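Peer 1: give me coordinates for this.
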Amino acid sequence: MKKLSILAAATAAVLPLSIPTASSVAADDFFKGRQLVLTIASRPGGGFNAYGRSLAKHFTKHLGQKSSIIVKNMPGAGGRKATAWLSKIAPKDGSNLLGTMPGSLVEPILGDPKRVKYNPLKFGYIGSASGFTTMCLVRHEHPAKTFKDMMKTQVIMGGDQIGSTTHDQANMFRNLVGANIKLVKGYSGTKNLVLAIQQKEIDGFCGYAWASLMSRAPHLIKNKIVRLVVQFGLDPHPAATAAGIPPVWGFVKDKKKIAALKLLASTQTFGRPYIVPANVPKARLASLRAAFDATMKDPAFKKDMAKSRLSIQPTSGAKVQKLIENIYHSDAATQKLARWAISKSE
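Peer 2: Predicted coordinates:
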């Protein structure tokens, strides 16, 4: 079978399915004529921002009652800043939604619990627009042409700060898989990391979601600026696999390390989560969940997402909540190893 090009495979992966038009759902009277606020825990220009703004464009027509929504950005601390704001400051009535990063929701067990001023088990989970599979990118001319090469040849990778995929996965690949990675921190968001690669400040970075890469920076592939050397996710990404990018699982044999890697990968299953504060009335949360589910099936939303090369792999709010609970109830030794792997610097 002829191998697909990376860009062709990406395009095939996001073509919309034929699904009947979603009808509007009955909403709590609270939403009648109300302006909602969707806060996105990242800067403009990245994948989280693109997903959130696409969701907002279609969401309120399924909530009904002439409601509207505005979008704001609140980047910082790998999503912790906005998540803490939602918990402590935002109104608790269901009018404020947050699109946060999955790392912020597992920070108490995979990061430093002292830095967390919220309890992820208490939030109301609306749903996740998509899971994601992440990639490691290396400049095309770098001597490390494959992930196997990275075991011996040092690669200087850029990253944000702990809690972000770009920081955590560079450390994870070094500490659990043995990649020879030197991490340079302080690059805020993937947009700045892409610029750093183009300006040759760094050799590459890890933790870039396949869908975000193909929608926000496909020129990195088309113009042969980078190679994609490895993919990370519980299951191989079909388009990435068709393009010849190997999953990480072929590079690690130790069972304890594999368990820690799987725990970290499981957070990507709900890679684009939307939440509300604790104590939002149950009926109101149910209305938000139903509107979210209807949006995910909306042909107009799916068309917009396909046009932007953004994949949709939705997870219901109830299932996201269950996944969070499962992570918090996982084996303590596995949690400890995973926490060490993403936080331990050289």
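
Peer 1: distance of residue 144 from residue 43?
Peer 2: Separation of residue 144 from residue 43 (Cβ to Cβ, to the nearest Å): 29 Å. No exception for glycine: its C-beta is placed from N, CA and C like everyone else's.

Peer 1: who has more neighbours, those two?
Peer 2: Taking other Cβ atoms under 10 Å, residue 144 and residue 43 do not tie; residue 144 has more neighbours (22 against 17).

Peer 1: check which helix or strand residue 211 maps to.
Peer 2: helix 210-216 (DSSP states H and E).

Peer 1: can you name the element that comes right after that helix?
Peer 2: By DSSP H and E, the next helix or strand past helix 210-216 is helix 219-222.

Peer 1: the helix holding residue 211: how far from the chain's middle?
Peer 2: 11 Å (Cα atoms, centre = their mean, to the nearest Å).

Peer 1: packing partners of that helix?
Peer 2: Packing partners of helix 210-216 (3 or more Cβ pairs under 8 Å, 6 or more residues apart in numbering; DSSP states H and E): helix 6-13, helix 47-63, strand 134-139, helix 190-198, helix 219-222.

Peer 1: of these, which approaches residue 285 most closely?
Peer 2: helix 47-63 (12.2 Å; Cβ to Cβ).

Peer 1: where does the prediction get shaky in this structure?
Peer 2: 1-28 (pLDDT under 70).

Peer 1: so for it, the centremost residue is which one?
Peer 2: Centrality entry for the chain: nearest residue to the mean C-alpha point is residue 271, 3.7 Å, by Cα atoms, centre = their mean.

Peer 1: residues making contact with stretch 277-292?
Peer 2: When contacts are defined by Cβ atoms under 8 Å, 6 or more residues apart in numbering, stretch 277-292 is touched by residues 25-28, 30-31, 55, 59-60, 62-64, 86-87, 90-94, 96-97, 119, 122-124, 126-127, 274, 276, 316-318.

Peer 1: just the buried members of these?
Peer 2: Applying a neighbour-count criterion of 16 or more other Cβ atoms under 10 Å, the buried members of the contacts of stretch 277-292 are 25, 27-28, 30-31, 55, 59-60, 62-64, 86-87, 90, 92, 94, 96-97, 123-124, 126-127, 274, 276, 316-317.

Peer 1: ranges for the strands of the stretch 201-346 of the chain?
Peer 2: 204-209, 226-232, 273-276, 315-316 (DSSP state E, counting those that start in this stretch).

Peer 1: could the ones you listed go into a markdown table alongside distance to residue 260?
Peer 2: Shown next, in a markdown table, are the strands of the stretch 201-346 of the chain (distance: least, Cβ to Cβ, whole Å):
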| stretch | distance to residue 260 |
| --- | --- |
| strand 204-209 | 16 |
| strand 226-232 | 13 |
| strand 273-276 | 22 |
| strand 315-316 | 22 |
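
Peer 1: which one of those strands lies nearest to residue 295?
Peer 2: strand 273-276 (10.3 Å).

Peer 1: who does that closest one pair up with?
Peer 2: Note on strand 273-276: by DSSP bridges, its sheet partners are strand 96-99 (antiparallel), strand 124-128 (antiparallel).
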